[in-house]
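Student: Predicted model and sequence follow; I will ask about them next.
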Amino acid sequence: MFIFPLTALVSFLIQRKQFLMALLVLESLALALLMVAFFSSLSSLFMGLVILPMAACEASIGLALLVVMARQFGSDLLSNLTMNKW
């Protein structure tokens, strides 16, 4: 049960090239947290209902940032976000 969140966290730390892949890994991490909240106990049903809208808001903000990055820089590479351009 705790292997999926750990795998999502490790893949988020390893993945550092494209913004879209980072967003997908963050969504899988939110899904993993939702699964842990549901399977841990029946009293944590409220916590699952809190995590689910937060994940939806995170996805919409992430996709809006992806559109802004694609328009501004022409790609979704995370290397475009660095301040050192020399």
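Tutor: Yep, it's here.

Student: Leaving out chain neighbours, which residue sits closest to M21?
Tutor: Leaving aside its sequence neighbours, M21 sits nearest to Q15 (C-beta to C-beta, 6 or more residues apart in numbering; 5.2 Å). Just so you know, the C-beta spots here come from the backbone N, C-alpha and C atoms, and that holds for glycine as well.

Student: Check what contacts whatever helix or strand M21 lives in and list those residues.
Tutor: Using DSSP states H and E, M21 falls within helix 19-40. Defining contact as C-beta atoms under 8 Å, 6 or more residues apart in numbering, one finds that helix 19-40 is touched by 1-2, 4-5, 8-9, 11-12, 15-16, 44-45, 47-48, 51-52, 54-55, 58-59, 62-63, 65-66, 69, 76-78.

Student: Among these, which ones are in helices?
Tutor: 4-5, 8-9, 11-12, 45, 47-48, 51-52, 54-55, 58-59, 62-63, 65-66, 69 (DSSP state H).

Student: In PyMOL, select just the buried ones from those residues.
Tutor: Buried subset of these, written as a PyMOL selection, criterion 16 or more other C-beta atoms under 10 Å:
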select buried, resi 5+8+12+47+48+51+55+62+66+69
